[in-house]
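Asker: dropping the sequence and predicted coords here.
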Amino acid sequence: MRALTAIVIFSLLATSTSAAVPIPRDQASAPPVGKIADNRDSKRDQNRPRPCWYEPGPDAATMLRRQMEVKEYYHHVVPGGDWEEHIRQFREKVGVKGRWWTPAYNAEHPDGLACWSSLDGALWVPEGAPRP
């Protein structure tokens, strides 16, 4: 998963005009929607919007193309990593209806980066499935 995360990040940075996004790790540890990363109990904090989230990303073919464009970065970020194993997960989705969702965060929020780092680098969501 670290290899996927690193390569997804490089591809997003290479094609994105928005703020840079750190490497996500585990979606399960992300705070619930509508609460800040540390889930403080004060009423004001509970009403603040969540500092990180998933946004709809590219379709399967576009994501595969982006991953192929950053192959050289993969070998720098994951020395000795298995490129074919990494790219297989993207190839398997080509032709399947759905899209990749990628993490984003509010850079002005003090917990934005920490929250973002708890998210996965990319999630595949089939068409008709609920958003992450």
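Answerer: Yes, it's here.
Asker: ok, and what's touching the lengthiest strand in the chain?
Answerer: Secondary structure assigned by DSSP state E gives strand 98-105 as the longest strand of the chain. Strand 98-105 is contacted by residues 8, 12, 18-19, 21, 24, 51-60, 63, 93, 112-113, 115-116, 119-127, 129, 131-132 when judged by Cβ atoms under 8 Å, 6 or more residues apart in numbering. Placement of C-beta: from N, CA and C, glycine included.
Asker: distance of P49 relative to N106?
Answerer: According to Cβ to Cβ, to the nearest Å, P49 stands 8 Å off from N106.
Asker: which positions within the longest strand of the chain qualify as buried?
Answerer: For strand 98-105, burial by neighbour count (16 or more other Cβ atoms under 10 Å) applies to 99-105.
Asker: can you give me the neighbour number for S118?
Answerer: Residues lying near S118 (other Cβ atoms under 10 Å) number 18.
Asker: equivalent analysis for V78, please.
Answerer: 17.
Asker: for it, phi and psi?
Answerer: Dihedral pair for V78: phi -130, psi 70, per degrees, to the nearest 10.
Asker: what is the least confident helix or strand in the protein?
Answerer: Lowest on mean pLDDT, DSSP states H and E among the helices and strands of the chain sits helix 2-15, with a mean of 52.
Asker: ok so, going back, paired strands for the longest strand of the chain, with orientation please.
Answerer: Strands that pair with strand 98-105, judged by DSSP bridges, come out as strand 52-56 (antiparallel), strand 123-126 (antiparallel).
Asker: okay, the shortest one in PDB with CA atoms only?
Answerer: What that stands for is strand 123-126. Taking C-alpha atoms only, strand 123-126 is exported to PDB below (Å, rounded to 0.1, in the frame of the first residue of the first chain):
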ATOM      1  CA  LEU A 123      -9.500   4.500  -3.300                       C
ATOM      2  CA  TRP A 124     -11.400   2.800  -6.200                       C
ATOM      3  CA  VAL A 125     -15.200   3.400  -6.000                       C
ATOM      4  CA  PRO A 126     -17.300   1.400  -8.400                       C
END
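Asker: and it, what's buried?
Answerer: So strand 123-126, judged by 16+ other Cβ under 10 Å, has buried residues 123-125.
Asker: many thanks, I have nothing further to ask.
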